[in-house]
Each structure stands twice: as C-alpha cells, then as structure tokens.
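Participant: Got a sequence here, can you model it:
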Amino acid sequence: ASVTVTVNPLPTPSITGDTEICTGASTTLTASGGITYAWSNGATEASITVSPTATMTYNVTVTDGNGCQASTSVTVTVHPLPTASISGDPEICNGATTRLTASGGTTYLWSTGATTYWIDVNPTATTTYNVTVTDGNGCQASTSVTVTVHPLPTASITGDTEICTGATTTLIASGGTTYVWSNGATEASITVSPTTTTTYNLTVTDGNGCQASTSVAVTVNPLPTPSITGDTEICNGATTRLTASGGTSYTWSTGATTYWIDVNPTATTTYNVTVTDTKGCQASAIVTVT
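Facilitator: Okay, here's the model as predicted:
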C-alpha cells in the first residue's frame, strides 16, 4: 500500500503600515499572506490601528487555507514630540517692532504664514502669534505667545510761553512717570529764562517704558523803550508837561495813568513812569525836573 503525503508550503506573512509615528499619533498595520490572523494584542482582523505611547513590537500569526501558519512582526517606533518655544519681548509700545524667535524644530510655520524660525512683528493692538515646529522625524508641536501693545503716553507741556526779556517762566510736563528735557533737566517742572525765543523739547516715559515727545516754543518779547519828553527846567511856580512814549499804557510815580502829566513842583523833583506794551512787557524811565 502507499500514501502520498502532501507538503503544503508555509504562508508568507507580511505587515505593511507606518512603523514610525509621533507621540499621540496612531498607525494602521495591515497583515497579508493568509486568511485568518492572530495579533499579539489579541486582535483577529487583518488590519489593526494602534497608538502606542512607546516603541512597541507587534506580532501576527497568519493561517492559510491549508491550516499552515507563519508569523512575522513589526516594530512601531514612537518619536517624542519636539518642545516648541518662542522667545522675544512680549510687551511693546505702539509703533514698535519685536522679534519673535522659535526653537525646538527644524522647520517652522507661523500663524502669519512665515516659515522662518523668527519673525519681526509690529502689531497695533495686542495680538497672539502661533508657531508650529517640525523636527527631523516629522513630529510637530505648537506654541503661542501674546504680544501686548501698550499705548503711547500723551505728553503735554503747560506754562506761560510768552515772556518779556529778563523774565522767567515755569514749564510743567505731564503724561508720564519720568521726564527728560532738551536742556538736560529730568524734573517734571523747569523754570527757564531764555534771552531769545527758544524751543524746549520733552520726552516722557510712562510706567510701561513707552515714550512720547512734544515741544514748546517760549517766545521772548523785547522790553519797550520808554522815553519822557518835556521841559525839565522850570521857574518856581511854573508848570511843565511831561509826555511819555514807548508803550500802550502808562503808570507815573504820581499815580497818574495818562501818557502825559502836568507838574509844578516847588523843588527839584524826579518823576518815574512805567510803560507797558501790547505784550505786557514793561520798562521804566525817569526824568528830573529842576
């Protein structure tokens, strides 16, 4: 008697799918080469979707139509996510620019569309910027930074901006916490006595370090040139008219406020007049009537 022993070849199992993933991702492993499958994680489908948290090996045993079996395995490598970070000044003053620099990857994509690792931004209002970094394994992570935009201070100067030659004026700054004047002063108030019309510049800085500038011109008006005309030598009992000029209003030492006075002193007398011009500047003249 005889018998034929048929030797069936073993199946040739294989596994396809992405074997390198990033932390938090999943991959689908698909087995082939048989009609039934038994995975090391207990699954019996041809395809399994896995999301390991660490590098892991998956085994599959395939069985063909003859009941023959063979096994194979695949290792799914789990790459850690990159650590994305952004450096740069997150507080700026309106109108300023800040450079935001990302790190942690090999390529970068900003919410502005930029693909450089740094961007220069000058927002007019508080704005959040996001960057997605990708490392050499293709893993990605995102982070963001909010750039706060502080308004500029409102610099102002108060004080008398028209003075007469020889006078002083006090200029008072406001709008900040520190002050720098063009004459080097750092007080909020300065007293100045320019001899000619002069412009004073002021830079104010607020609590956020933001700055604004303003200026004021102090006009120096010349003093009037007063004079007195009239007969300065008279005989006892006579009267002389003294006439002042050089201003728009007059105050005599006699108390008179007309531009002229009639005097009849009984002894040699000195008369003084203070003249005031349209700018309010004053000067005096004297005359002695003998």
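
Participant: ok, and for stretch 78-98, which residues are buried?
Facilitator: Judged by neighbour count (16 or more other Cβ atoms under 10 Å), stretch 78-98 contains these buried residues: 78-79, 81-82, 84, 86, 88, 92-93, 96, 98. (Glycine included, C-beta is placed from N, CA and C.)

Participant: Now for the residues you listed: which two are most distant?
Facilitator: Of all pairs drawn from the buried residues of stretch 78-98, the one with the largest separation by Cβ to Cβ is Val78 and Cys93; the distance is 45.5 Å.

Participant: For the buried residues of stretch 78-98, give me a markdown table that also has pLDDT and secondary structure.
Facilitator: As requested, these are exported to a markdown table (pLDDT from 0 to 100; DSSP: H, G, I helix; E, B strand; the rest coil):
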| residue | pLDDT | secondary structure |
| --- | --- | --- |
| Val78 | 98 | strand |
| His79 | 97 | strand |
| Leu81 | 97 | coil |
| Pro82 | 97 | coil |
| Ala84 | 97 | coil |
| Ile86 | 98 | strand |
| Gly88 | 97 | coil |
| Ile92 | 97 | strand |
| Cys93 | 97 | strand |
| Ala96 | 97 | coil |
| Thr98 | 98 | strand |
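
Participant: which of those residues lies closest to Thr197?
Facilitator: When the buried residues of stretch 78-98 are ranked by distance to Thr197 (Cβ to Cβ), Cys93 comes first, at 32.4 Å.

Participant: need the contact list for the closest one.
Facilitator: 149-152, 208-211 (Cβ atoms under 8 Å, 6 or more residues apart in numbering).

Participant: filter those residues to the buried ones?
Facilitator: Buried positions within the contacts of Cys93, assessed by neighbour count (16+ other Cβ under 10 Å), are 149-150, 152, 208, 210-211.

Participant: What is the neighbour count of the closest residue to Pro224 other than its chain neighbours?
Facilitator: Here the nearest residue to Pro224 in space, its sequence neighbours aside, is Asp277; by Cβ to Cβ, 6 or more residues apart in numbering that works out to 4.2 Å. Neighbours of Asp277 under the rule other Cβ atoms under 10 Å: 19.

Participant: any idea of the pLDDT on Asp277?
Facilitator: Here the pLDDT value assigned to Asp277 is 96.

Participant: show me the contacts for it.
Facilitator: 221, 224, 246-248.

Participant: Of those, grab the buried ones for PyMOL.
Facilitator: PyMOL command restricting those to the buried ones, with burial defined by 16+ other Cβ under 10 Å:
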select buried, resi 221+224+246+247
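
Participant: okay if I get the contacts of Asp277 as CSV plus pLDDT, distance to Tyr129 and secondary structure?
Facilitator: Below are these laid out as CSV (pLDDT from 0 to 100; distance: Cβ to Cβ, whole Å; DSSP: H, G, I helix; E, B strand; the rest coil):
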residue, pLDDT, distance to Tyr129, secondary structure
Asn221, 96, 55, strand
Pro224, 97, 65, coil
Gly246, 96, 69, coil
Gly247, 95, 67, coil
Thr248, 96, 65, coil
